[in-house]
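1. Return atomic coordinates for the entry below.
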Amino acid sequence: MANTLYDKARQRYLEGQFNMLSDTIKVILVDTAAYTPNFTAHEFLSDISGSARITTPVTMTSKATAGGAFDAADVTFTSVSGASIETIVIYKDTGTEATSPLIAYIDTATGLPITPNGGDIIVTWDNGANKIFKV
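-> Numbering: from 1, shown residues only. Sure thing, here's the model as predicted:
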C-alpha cells in the first residue's frame, strides 16, 4: 500500500472537525497480519483490533501545521515486544476507542517493517516539505 489519510478523516478536515494543534493526537504501531485497512469504511480506533495494536499509544507533542503539513516531535515507544510492525497509525484520541477518529496510515517509511526485540522503537518523522503528512 502507500501512506494515506483515511477517507473519514478527509471528510472531518473539510468539516472542521480536527484541530491538529489543540486536539489530543496519538500514534500507535500496528501489525497488518492482524489488521487489514479499509480506508473508506474504517473510521475509529475500535476498527483496529486490540490484537493488531502492538504498543500503547503515544501522545504526539510539539505539533505544527505550517504550510498545510502536519509535523510533531519524534516519538519513542518504550520496551516494545510482540508481533512484527508494518504500519504506523495516527488518530485523534477522544478518550473512547469507538469515537476516536483514525487520521493517517503510514506503511512506507524507513525502518518498516520492524520486529520488536523488547527495546525502544523511535519513530523519526520526515523533515522534508511534507513532514508527517500534508493536506
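2. drop to CA atoms for contacts and neighbour counts, all remaining ones
-> Fine.
3. Please state the offset of the lowest-mean-pLDDT helix or strand in the chain from the chain centre?
-> Within the chain, no helix or strand scores below strand 133-134, which has a mean of 93 by mean pLDDT, DSSP states H and E. Taking Cα atoms, centre = their mean, to the nearest Å, one finds the center of strand 133-134 at 12 Å from the center of the full chain.
4. And that strand, what does it pack against?
-> Helices and strands touching strand 133-134, by 3 or more Cα pairs under 8 Å, 6 or more residues apart in numbering; DSSP states H and E, are strand 69-70.
5. Given the strand it packs on, what are its sheet partners and their directions?
-> Strand pairing for strand 69-70, determined by DSSP bridges: strand 133-134 (antiparallel).
6. Can you tell me what sits against the partner strand?
-> Gly68, Ala69, Phe70, Asp71 (Cα atoms under 8 Å, 6 or more residues apart in numbering).
7. and what of stretch 90-110?
-> Contacts of stretch 90-110 (Cα under 8 Å, 6+ apart): 1-6, 8-10, 23-28, 42-46, 86-89, 113.
8. ok, of those, which come out buried?
-> Neighbour-count burial within the contacts of stretch 90-110 applies to 3, 5-6, 8-9, 24-28, 42-45, 86-89, 113; the criterion is 16 or more other Cα atoms under 10 Å.
9. hmm, back to that, in TSV, list the contacts of strand 133-134 along with neighbour count, pLDDT and distance to Val58.
-> Listed next are the contacts of strand 133-134 as TSV, based on neighbours: other Cα atoms under 10 Å; pLDDT from 0 to 100; distance: Cα to Cα, whole Å:
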residue	neighbour count	pLDDT	distance to Val58
Gly68	13	93	23
Ala69	15	95	20
Phe70	18	96	16
Asp71	23	97	15
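10. Looking at these, which one is closest to Thr124?
-> Asp71 (10.8 Å; Cα to Cα).
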